[in-house]
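S.K.: I'd like to go over a predicted model; first the sequence, then the structure.
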Amino acid sequence: QKSNQQTHHLEMGRFNFSVALLVLCGLSLCFAHFTNPLDSLRVELEGNEELFSEADSNANLNAQPLVLQKSGEWVNVAISGVTNPTAGDIVAVYSPANSDPRKTAPVKYKYASGFGADYLKSGKGVASFKLINLHSDFSFVLFKNVSGVTYHSDTSLKKFKFAAKSNTVTFKNVKEPNQIHFAFTPIKGQLKATWNSPATSNQTFQFGLSPGKYSRTITAKSQTYTASQMCGSPANDWGWKDPGSFHTVLLDLIAPKTRYYYRYGSDATGYSAEETFRAPQPSIPSNPVSFVAFGDLGKFTDDGTEEHWNVAPESVLTVKHIAQMRDRIDFVLHVGDIAYAVGYSAQWDEFMNQIQPVTSRVPWMTLPGNHETDFPNTDSFFNGTDSGGECGIPYETRFQMPITSKGQHWYSFKYGPVHVVAFSTEHDFSKGSAQYKWMEDDLKKVDRRVTPWLVVAGHRPMYAVGFFAPTLRAEVEPLFDQYKVDIAFWGHVHNYERTCAMSNEKCKVGGTTHVVIGMGGFGISKLNNTQTYIKKNINESGYTKIYANDKFFQFQYLNSKNLIRDEFVLRK
């Protein structure tokens, strides 16, 4: 949620941020951002002209297998001949294989403790890595810690020296298209599909009503983004990796709830494995809806490596539980802080790979959080550096939501008996702003006879610990009251909280129930909100599941063990 150590001194736009941040960090809201292995490694390697001055002529790295068949397979890097090995030695993973360690961050790395028990005695060992297809080849580099001190104990020293580099490893089809995900569009019955490949054009989406029989083919529109479009570091330098191209098609689906089978790609890149999805149903009260909601997910790699903020093991469980019900839900609502890539491009790829078991079947609807958009001198409302220089560009290219005009970061959609307003707390929401006018107009147009349930979602919560909450209440809550918003979902604070029906900081019959669902997997804030309007406060990772028809809105919060920890029902 909050900025890392290097940005705590900054003023957040129109707010005096420093005092508020110290308070929040004291409440454990900043816990996950104090250790960033890739940032720390940057101090050691970037621009270090002496990095290659003491190569170990005896050291050798041999990576096998040379060719991987599919994403998620393992590579074993055999290490031998290392002179004077230490516990601070590391093996780093680079992609492309010819990356210059003085200019480019590794994808991840592993300490000598992961090389085997005999490494410190013999200079021999094996480092194992799980790799996903990044559309480029890989190499592995051994850096020796020549200082004799442990890595994290003093980052002011240039402790690392290049020792040896491995052979190249690649995937059987390094061009394989991947990272497919769906989203709703502003047009009734239409879906948007987006995927990634190294091709710049001529990608197609093929689909039909039977497995292996694709009666329709649509050519995708392709786009990408460049380092020069990023707003700052590390996104435009140390953390940059060419993301390839993003290919998008619009699917006009005539038969609601019909199951389709599909693949995507081209003859040049090859095609994906076959997958399946269902066409959306009409938005009428008699059609129930089932969806999942959470915020602040992140990703995790289970190979024991150091990565950028690789502190979200329970995000894997969240995705696993949702994947098990992917054929029984209509969509996912992710309320900001998506991948926590914050300027490290390869982290987006790993995140997209993690969620693909779900996104390949159902729409994954998102809204921006501070770690997607915030950066000084941009259009972000808060002037911090939480996006790592990305300023929303990778996020909005990868997750193309149903916005109606360029530069708009908010949207709405309806499904069954539910109308969802997704607004951005990271962009100006004050009275008179473009977003405020849009929100007021959208709420005004909601026909409660068609969609009786009105849901609003944003990232920073209106009722929670945080300097931003009073401003949100002052600017936006009158709209909630006027248009009778039933329930509001929020993230940013990494726990689960539920209020009574609220208006103006008091419980009120007919008010809005506020639910903080920032417990998707990126750690827990361990807060105990003692305000009288808080009905539940639970410090466990998990997700929420909603089922709604024209009569009731059933809500459940399940933890990472898939146990129900809270539930309630709203009725009409």
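M.R.: Yes, it's here.
S.K.: Only C-alpha atoms from now on, for both contacts and neighbour counts.
M.R.: Noted.
S.K.: number of nearby residues for the nearest residue to residue 172 once chain neighbours are set aside?
M.R.: Spatial nearest neighbour of residue 172, excluding adjacent residues (C-alpha to C-alpha, 6 or more residues apart in numbering): residue 69 at 5.3 Å. Number of residues near residue 69 (other C-alpha atoms under 10 Å) recorded here: 13.
S.K.: For residue 69, give me its contacts.
M.R.: Contacts for residue 69 were tallied using C-alpha atoms under 8 Å, 6 or more residues apart in numbering; they are 171, 172, 173.
S.K.: Looking at those residues, which are in helices?
M.R.: Applying DSSP state H to those, no entry is found in helices.
S.K.: Report the buried members of these.
M.R.: Among these, those classed as buried by 16 or more other C-alpha atoms under 10 Å are 171, 173.
S.K.: Format the contacts of residue 69 as CSV; extra columns: distance to residue 275 and pLDDT.
M.R.: Below are those laid out as CSV (distance: C-alpha to C-alpha, whole Å; pLDDT from 0 to 100):
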residue, distance to residue 275, pLDDT
171, 21, 98
172, 21, 97
173, 19, 97
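S.K.: which among the contacts of residue 69 gets closest to residue 219?
M.R.: Nearest to residue 219 among these: residue 173, at 21.2 Å, using C-alpha to C-alpha.
S.K.: Correct me if wrong: residue 515 contacts residue 490.
M.R.: Yes. Assessed by C-alpha atoms under 8 Å, residue 515 is found in contact with residue 490 at 6.2 Å.
S.K.: The two: which has the busier surroundings?
M.R.: Using other C-alpha under 10 Å, the more surrounded residue of residue 515 and residue 490 is residue 490, with 29 against 26.
S.K.: Next up, the contacts around that one.
M.R.: The neighbours of residue 490, taking C-alpha under 8 Å, 6+ apart as the test, are 295, 335, 457-462, 514-518.
S.K.: what about it, distance to residue 571?
M.R.: Note on residue 490: its distance to residue 571, by C-alpha to C-alpha, to the nearest Å, is 21 Å.
S.K.: repeat for residue 446
M.R.: According to C-alpha to C-alpha, residue 446 and residue 571 sit 18 Å apart.
S.K.: Now name the helix or strand holding the nearest residue to residue 264 once chain neighbours are set aside.
M.R.: Spatially, and ignoring its direct neighbours in sequence, residue 264 is nearest to residue 205 (4.4 Å; C-alpha to C-alpha, 6+ apart). Applying DSSP states H and E as the criterion places residue 205 in strand 204-208.
S.K.: Could you list the residues in contact with that strand?
M.R.: 213-220, 249, 260-266.
S.K.: Now flag whichever of these is closest to residue 104.
M.R.: residue 265 (29.4 Å).
S.K.: Let me know whether the closest one touches residue 271 as I believe.
M.R.: Yes. Taking C-alpha under 8 Å as the definition, residue 265 is a contact partner of residue 271 at 4.4 Å.
S.K.: any common contacting residues for the two?
M.R.: Both residue 265 and residue 271 are contacted by 176, 177, under the criterion C-alpha under 8 Å, 6+ apart.
S.K.: Show me which of these two is the more surrounded one.
M.R.: The residue with more neighbours, out of residue 265 and residue 271, is residue 265; 26 against 19, by other C-alpha under 10 Å.
S.K.: Pretty sure residue 314 sits in a strand.
M.R.: No. Counting by DSSP: H, G, I helix; E, B strand; the rest coil, residue 314 falls outside a strand, being helix.
S.K.: So which of the contacts of residue 490 are in strands?
M.R.: Among the contacts of residue 490, the ones falling in strands (DSSP state E) are 457, 514, 515, 516, 517.
S.K.: partners of the fourth one in the sheet?
M.R.: Think residue 516. Residue 516 has these beta-bridge partners by DSSP bridges: residue 490, residue 497.
S.K.: Outside of stretch 238-245 itself, which residues are in contact with it?
M.R.: Here stretch 238-245 makes contact (C-alpha under 8 Å, 6+ apart) with 42, 46, 103-105, 135, 196-200, 222-227, 233-234, 343-346.
S.K.: tell me the pLDDT at residue 144?
M.R.: Residue 144 carries a pLDDT value of 92.
S.K.: since we're on it, how many residues are nearby?
M.R.: By other C-alpha under 10 Å, the residues close to residue 144 number 27.
S.K.: residues contacting the closest residue to it other than its chain neighbours?
M.R.: Spatial nearest neighbour of residue 144, chain neighbours left out: residue 89 (4.6 Å); criterion: C-alpha to C-alpha, 6+ apart. Residue 89 makes contact with 111, 112, 142, 143, 144, 145, 160, according to C-alpha under 8 Å, 6+ apart.
S.K.: where's residue 89 relative to residue 120, distance?
M.R.: 10 Å.
S.K.: Could you do residue 460 as well?
M.R.: For residue 460, the distance to residue 120 equals 47 Å [C-alpha to C-alpha].
S.K.: export stretch 237-253 as CSV, just CAs?
M.R.: Provided in CSV are the C-alpha atoms of stretch 237-253 (Å, rounded to 0.1, in the frame of the first residue of the first chain):
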residue,chain,number,x,y,z
ASP,A,237,16.0,1.7,-16.9
TRP,A,238,17.1,-0.9,-14.3
GLY,A,239,13.7,-2.8,-14.2
TRP,A,240,12.9,-2.5,-17.9
LYS,A,241,12.4,-5.6,-20.1
ASP,A,242,10.7,-5.5,-23.5
PRO,A,243,7.2,-6.7,-22.8
GLY,A,244,6.4,-7.9,-26.4
SER,A,245,3.1,-7.0,-27.9
PHE,A,246,-0.5,-7.1,-26.6
HIS,A,247,-3.1,-8.4,-28.9
THR,A,248,-6.8,-7.6,-28.4
VAL,A,249,-10.0,-8.8,-30.1
LEU,A,250,-13.7,-7.9,-29.5
LEU,A,251,-16.0,-10.9,-29.3
ASP,A,252,-19.6,-10.3,-30.3
LEU,A,253,-21.4,-13.3,-28.8
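S.K.: pLDDT averaged over the helix or strand residue 357 falls within - what is it?
M.R.: Per DSSP H and E, residue 357 falls inside helix 345-359. Taken as a whole, helix 345-359 has an average pLDDT of 97.
S.K.: Can you name every helix or strand that that helix contacts?
M.R.: Packed against helix 345-359, as judged by 3 or more C-alpha pairs under 8 Å, 6 or more residues apart in numbering; DSSP states H and E, are the following elements: strand 178-184, helix 313-324.
S.K.: Distance from the first one to the middle of the chain?
M.R.: In terms of C-alpha atoms, centre = their mean, to the nearest Å, the gap separating the centre of strand 178-184 from the centre of its chain is 14 Å.
S.K.: what does it rub up against?
M.R.: With contacts defined as C-alpha under 8 Å, 6+ apart, strand 178-184 is touched by 190-197, 272, 349, 352-353, 356, 359-365, 400-402, 413.
S.K.: mind running it again at 7 Å?
M.R.: Contacts with strand 178-184, where a contact means C-alpha atoms under 7 Å, 6 or more residues apart in numbering, come from 190-197, 272, 352-353, 356, 359-360, 362-365, 401-402.
S.K.: The longest one now?
M.R.: Under the criterion C-alpha under 7 Å, 6+ apart, residues 297-300, 355, 357-358, 520-522, 541-543, 560 lie in contact with helix 313-324.
S.K.: Try it again at 8 Å.
M.R.: Helix 313-324 has contacts (C-alpha under 8 Å, 6+ apart) with 292, 297-302, 354-355, 357-358, 520-523, 541-543, 560, 562.
S.K.: So which of the residues you listed sit within strands?
M.R.: Here DSSP E is the test, and the contacts of helix 313-324 give 292, 542, 543 as lying in strands.
S.K.: out of these, who has the most neighbours?
M.R.: Neighbour counts for these (other C-alpha under 10 Å) peak at residue 542, which has 31 neighbours.
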